[in-house]
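> Provided below are the primary sequence and the corresponding predicted coordinates.
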Amino acid sequence: MSDAREIGPDAFIPGFRLADIDVGGGITIRVAHAGEGPPLLLLHGHPQTHVTWRKIAPALAGRFSVVCPDLRGYGDSSKPEGAKDHSTYSKRAMAADQVAVMRAFGHETFRMVGHDRGGRVGHRLALDFPEALEKLVLFDIAPTATMYARTDKDFASRYFWWFFLIQEAPLPERMILGDVEFYLREHVERQNKISGATEEAVFQEYLRCYRSPEGVHAVCEDYRAAATIDLEHDAADADRWVECPLLALWGARGVVGRTYDVLETWREKAREVSGRAVDCGHTLQEEAPEETLRELLAFL
């Protein structure tokens, strides 16, 4: 494995080892990896880290070469200062990180599962690197441009952070840093609909990675990018399709499933779409791991 520094066993995902991958531009991506077989990339969302895959990654590693990174700005990956145009945290930049990670493992083509922000990175990766992606699974999202275009009072009320985090720095950063644990716990508990799905030790790990000024700034920049430069990239690619097979899964009790016809939104963006709801909230891999794993194995 090139451009990598091995760290040791992952404390949260049995059988996985940690490494730091230099993807260029001064950016290092923390990854957990294990298994043999076809390569599979798992990308977490906000406010999680790669640890979110702990309940399903070991089983997937029995059939695949699994790579679970922390996205740029999250976990123990680099958290660079945001650029004026927010391009540092564009999904284009974050997708390029992940292609570099997979190439560091020797994987020129791979399958991918993305939850939340990781799914948005996956959508951009499918457009920018279509030759790399064999299959794509997206958890609990509709396309970013679609969600902004169809925003109404109900959605804005339920997903308020989409509009809070994009405010000009340092307003949201300073407000969150006033009580990071309260903010993060409220966020996780509102989105999860299965009590206890995020164990306290795991929440504390998310909090450890989230609570630094650099971490909070990175999260805000991720969302600022989604509301600006990512929309510009999406508009420029409005006539392009996701060419690989796409599986969309969403939480039946969550906002996305109640607000959108999820399959219809992705059939506007991808040529081959299938999927269904899972009986849980936003975080399928933590709330309904067995059912989610069955869907993944059948599709992948």
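Received it, and whenever you're ready, just let me know what you need. What you are looking at is a predicted structure, and each value in this text was computed from that prediction instead of being measured.
> Counting neighbours, what do you get for the closest residue to residue 35 other than its chain neighbours?
Among residues not flanking residue 35 along the chain, residue 61 sits closest, at 3.1 Å (Cβ to Cβ, 6 or more residues apart in numbering). Just so you know, the C-beta spots here come from the backbone N, C-alpha and C atoms, and that holds for glycine as well. The tally of other residues near residue 61 (other Cβ atoms under 10 Å) stands at 22.
> Residue 34 is in contact with residue 61, correct?
Yes. Using Cβ atoms under 8 Å, residue 61 is in contact with residue 34, at 4.3 Å.
> same question for the helix or strand containing residue 137, mean pLDDT?
Secondary structure from DSSP states H and E places residue 137 in strand 133-139. Strand 133-139 shows a mean pLDDT of 98.
> So what are the sheet partners of it and their directions?
For strand 133-139, the paired strands and their directions (DSSP bridges) are strand 110-115 (parallel), strand 246-251 (parallel).
> Can you show me the strands along the chain?
4-9, 17-24, 27-34, 39-43, 65-69, 110-115, 133-139, 246-251, 273-278 (DSSP state E).
> what's the spacing between the fourth one and its chain's center?
With Cα atoms, centre = their mean, to the nearest Å as the basis, strand 39-43 stands 11 Å off its chain's centre.
> which ones are touching the closest residue in space to residue 193 that isn't next to it in sequence?
Nearest-residue entry for residue 193: residue 281, 3.2 Å, with adjacent residues in sequence omitted and distances by Cβ to Cβ, 6+ apart. Going by Cβ atoms under 8 Å, 6 or more residues apart in numbering, residue 281 touches 191, 192, 193, 194, 251, 253, 254, 287.
> Which ones among the residues you listed map onto helices?
Judged by DSSP state H, the contacts of residue 281 include 191, 287 as members of helices.
> Report how many residues lie close to residue 20.
Residues near residue 20, counting by other Cβ under 10 Å: 18.
> Spit out the contact partners of it.
4, 5, 7, 28, 29, 30, 31, 76.
> Residues in a beta bridge with the fourth one, which ones?
Pointing back at residue 28 there. residue 22.
> My read is that it contacts residue 75, right?
No. Between residue 28 and residue 75 there is no contact, the gap being 11.2 Å when judged by Cβ under 8 Å.
> So if I had to pick from the two, which one is more boxed in?
Between residue 28 and residue 75, residue 75 has the larger neighbour count (other Cβ under 10 Å), namely 26 against 20.
> just wondering, since we're on the residue nearest to that one when sequence neighbours are not counted, how far is it from residue 218?
Spatial nearest neighbour of residue 75, chain neighbours left out: residue 49 (3.5 Å); criterion: Cβ to Cβ, 6+ apart. Relative to residue 218, residue 49 is positioned 12 Å away (Cβ to Cβ, to the nearest Å).
> center of this structure - which residue?
Here the mean C-alpha position of the chain is nearest to the C-alpha of residue 118 (Cα atoms, centre = their mean), at a distance of 1.8 Å.
> For that residue, which non-adjacent residue is spatially closest?
Closest residue to residue 118 apart from its sequence neighbours, by Cβ to Cβ, 6+ apart: residue 43 at 2.9 Å.
> who touches the one you found in this structure?
So residue 43 contacts 69, 71, 98, 112, 113, 114, 115, 117, 118, 119, 121, 122 (Cβ under 8 Å, 6+ apart).
> cutoff 10 Å now
Residue 43 is in contact with 50, 52-53, 67-71, 74, 94-95, 98, 112-122, 125, 139, counting by Cβ atoms under 10 Å, 6 or more residues apart in numbering.
> now do residue 234
Counting by Cβ under 10 Å, 6+ apart, the residues that residue 234 touches are 91, 120, 123-124, 127, 143-146, 148, 226, 240, 269.
> Having no further points to raise, I will conclude here.
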